[in-house]
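Engineer: can't give you the sequence, but here's the structure:
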């Protein structure tokens, strides 16, 4: 169970058992992989990894365009944060791969066409809008309203525009957990920056850093 | 049953069962802040999907706001302080 998931933590078993106690829902062995994927986003180590990656990316952004307008800078920061998030996902999910290759797609359109055809052949090729399976428990699966919402959801999650329903659901689950971590990390970083900016005026000597007031 | 046959052909090797879809939807529901407390029987799939879309959109907006704020903060902070913060984060 533990060997199937490569975890960046030094003690994956202890962390997962801790997470299991906190979670009230019981996951069976089949969905345990997905469960550990999602709780991975809530671990402190993953938070630190992402924060450091984000900081490196942001330093590059600030070096490239130090005096850019707020709107352009904000967009660049958002893209850097998304890329850092995709790297932190280690390319195991579709949305992370889509984010990482979205820049390449602008240059190499052939890749996109090939990927599209490969996806179509893997999933059988029948792209009709008819519902493929009837789910009695969901009760509304075959309704066009649900189909429409699934399409909207597929557009929101990067890289899932033409995926079938279970893949979209799985990707959305991981994507939401990753986004929550991204929001937490960026909020922490913003607090740190605003806190250190308030305490030190102008260029402070780097030898004596003031302790961050809000973190503790 | 023709529907079952087509189902197995389309999934590309892995059978997608109704229970799996139900599990995925319920797992998604657990992540959503509004629907976590309500009973899973009363929540339809359409509502879960709608709430998911809304939640993802709100998270996107939050990330955009934070990135705007960060870009403004980075413009005023020099790289020395960023190095300080990096060392603090990697503690």
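Structural biologist: Structure received. If you're wondering where the values come from, they're calculated on a predicted model, not measured in any experiment.
Engineer: please enumerate the helices of chain B.
Structural biologist: B:2-10, B:18-31, B:45-76, B:79-89 (DSSP state H).
Engineer: kindly provide the distance from residue B:34 to chain A.
Structural biologist: Distance, residue B:34 to chain A, by Cβ to the nearest Cβ, to the nearest Å: 13 Å. All C-beta spots, glycine's among them, are computed from the backbone N, C-alpha and C.
Engineer: what's the closest non-adjacent residue to that residue?
Structural biologist: Closest residue to residue B:34 apart from its sequence neighbours, by Cβ to Cβ, 6 or more residues apart in numbering or on different chains: residue B:51 at 6.0 Å.
Engineer: and the one you found, how many residues sit next to it?
Structural biologist: 19 (other Cβ atoms under 10 Å in any protein chain shown).
Engineer: was I right about it contacting residue B:31?
Structural biologist: No: Residue B:51 is not in contact with residue B:31 according to Cβ atoms under 8 Å; the separation is 9.8 Å.
Engineer: which other helices and strands contact the longest helix along chain A?
Structural biologist: Secondary structure of chain A read by DSSP H shows that its longest helix is helix A:165-199. If contacts are counted by 3 or more Cβ pairs under 8 Å, 6 or more residues apart in numbering or on different chains; DSSP states H and E, helix A:165-199 sits against helix A:29-40, helix A:44-64, helix A:70-88, helix A:94-107, helix A:144-156, helix B:18-31, helix B:45-76, helix B:79-89.
Engineer: the same query, at a cut-off of 6 Å, please.
Structural biologist: If contacts are counted by 3 or more Cβ pairs under 6 Å, 6 or more residues apart in numbering or on different chains; DSSP states H and E, helix A:165-199 sits against helix A:44-64, helix A:94-107, helix A:144-156, helix B:18-31, helix B:45-76.
Engineer: quick one: residue A:98 from residue A:160, how far?
Structural biologist: 8 Å (Cβ to Cβ, to the nearest Å).
Engineer: neighbour count: these two, which is higher?
Structural biologist: residue A:160 (23 against 18).
Engineer: for the more buried one, which non-adjacent residue is spatially closest?
Structural biologist: residue A:154 (4.6 Å).
Engineer: next one, pLDDT for that neighbour please.
Structural biologist: pLDDT recorded at residue A:154 is 87.
Engineer: residues contacting it?
Structural biologist: For residue A:154, the contacting residues are A:160-161, A:168, by Cβ atoms under 6 Å, 6 or more residues apart in numbering or on different chains.
Engineer: residue B:56 contacts residue A:156, correct?
Structural biologist: Yes: counting by Cβ atoms under 6 Å, residue B:56 touches residue A:156, with 4.8 Å between them.
Engineer: how far away is residue A:97 from residue A:187?
Structural biologist: Counting by Cβ to Cβ, the gap from residue A:97 to residue A:187 is 26 Å.
Engineer: let me fix that: residue A:94
Structural biologist: For residue A:94 relative to residue A:187 (Cβ to Cβ), the value is 26 Å.
Engineer: burial measure for residue B:33, as a count.
Structural biologist: So residue B:33, with other Cβ under 10 Å, has 10 neighbours.
Engineer: hmm, I typed the wrong one, I wanted residue A:92.
Structural biologist: 12.
Engineer: that one: which element?
Structural biologist: Assigned by DSSP states H and E, residue A:92 belongs to no helix or strand.
Engineer: what pLDDT does residue 10 get?
Structural biologist: Defaulting to chain A. pLDDT, read off for residue A:10, is 50.
Engineer: chain B was what I was after
Structural biologist: 47.
Engineer: likewise for the one 3 residues further on?
Structural biologist: Per-residue confidence at residue B:13 stands at 46 (pLDDT).
Engineer: ditto for residue A:186
Structural biologist: 87.
Engineer: hey, least reliable of the helices of chain B by pLDDT?
Structural biologist: helix B:2-10 (a mean of 48).
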